[in-house]
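> Below are the sequence and a predicted model for it; my questions follow.
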Amino acid sequence: MSQDCPQRFQTFLDQPSLLTDLLGRLEARTGVKRYYLATGTITFLGLYLMFGYGASLLCNLIGFVYPAYVSIKAIESTDKDDDTVWLTYWVVYGVFNVAEFFSDTFLYWFPFYYAGKCLFLVWCMAPVSWNGSHVLYQKVIRPFFLKHHRIVDSVISDLSGTALDAASTVTREGIAASSNLGAVWSKAP
């Protein structure tokens, strides 16, 4: 790590945000500097993610709660750039979750898997120019999408048509069956 990393971290902790406001209140109540509160919390969370029970839940909460909160704030703001940032995060998060679904059976056996997953998710939401969501979207997801979106659109269109035809058929048969049932009931003694 470079020498200026602690200084950049301190600068981040001094900027106004939900997290730094909370740390400021804790600092005022306890007398412990926010730098130590933050590093202690990060250390505790890191150790818990490596050795604690329920690390999967904690990791998923970290990857969901804060991004959901700032996504709602982005929706409510007039600036549309923040919408793009968080939509990109959710696209990467969704792709990651689908990939993880198929590989989770093997991956969770690896030591420190949840700590690594949590670091990945934090990188994807980090407010830096080399943000994981932006990098993965630009280098992997976008090129794949641009190459295959017409095929996917065609398949979705075909499936939509098939689903509408099936729903129409079921509705017609349901109406016919209920009329037949009504006729049977009306003839009953």
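Nice, I can see it.

> can you list contacts of stretch 73-86?
Surrounding stretch 73-86, the residues in contact under the criterion CB atoms under 8 Å, 6 or more residues apart in numbering are 67, 70-71, 131, 133-134. In short, each C-beta sits where N, CA and C put it, glycine included.

> Report the contact partners of the most centrally placed residue in the chain.
By CA atoms, centre = their mean, the chain has its centre lying nearest to residue 93, at 4.2 Å. With contact taken as CB under 8 Å, 6+ apart, residue 93 is in contact with 63, 67, 121, 124, 133.

> Let me know whether the first one touches residue 119 as I believe.
Same thing as residue 63. No - in this structure, residue 63 sits apart from residue 119 without contact. The criterion is CB atoms under 8 Å, and the distance is 10.6 Å.

> what about those two, which has more around it?
Taking other CB atoms under 10 Å, residue 63 and residue 119 do not tie; residue 63 has more neighbours (21 against 16).

> could you point out which element follows the one helix or strand that one maps to?
Remark: residue 63 resides in helix 55-76, with elements defined by DSSP states H and E. Stepping forward along the backbone from helix 55-76, the first helix or strand reached (DSSP H and E) is helix 81-107.

> Report the buried residues of the worst-scoring helix or strand of the chain on mean pLDDT.
The element with the least model confidence among the helices and strands of the chain, by mean pLDDT, DSSP states H and E, is helix 5-14, at a mean of 75. Of the residues in helix 5-14, those buried by neighbour count under the rule 16 or more other CB atoms under 10 Å are residue 13.

> how big is the angle separating the helix or strand following that helix from helix 55-76?
Heading C-terminal from helix 5-14, the first helix or strand you meet, by DSSP H and E, is helix 18-30. Counting by axes from the mean of the first three to the mean of the last three CA atoms, to 10 degrees, helix 18-30 points 110 degrees away from the direction of helix 55-76.
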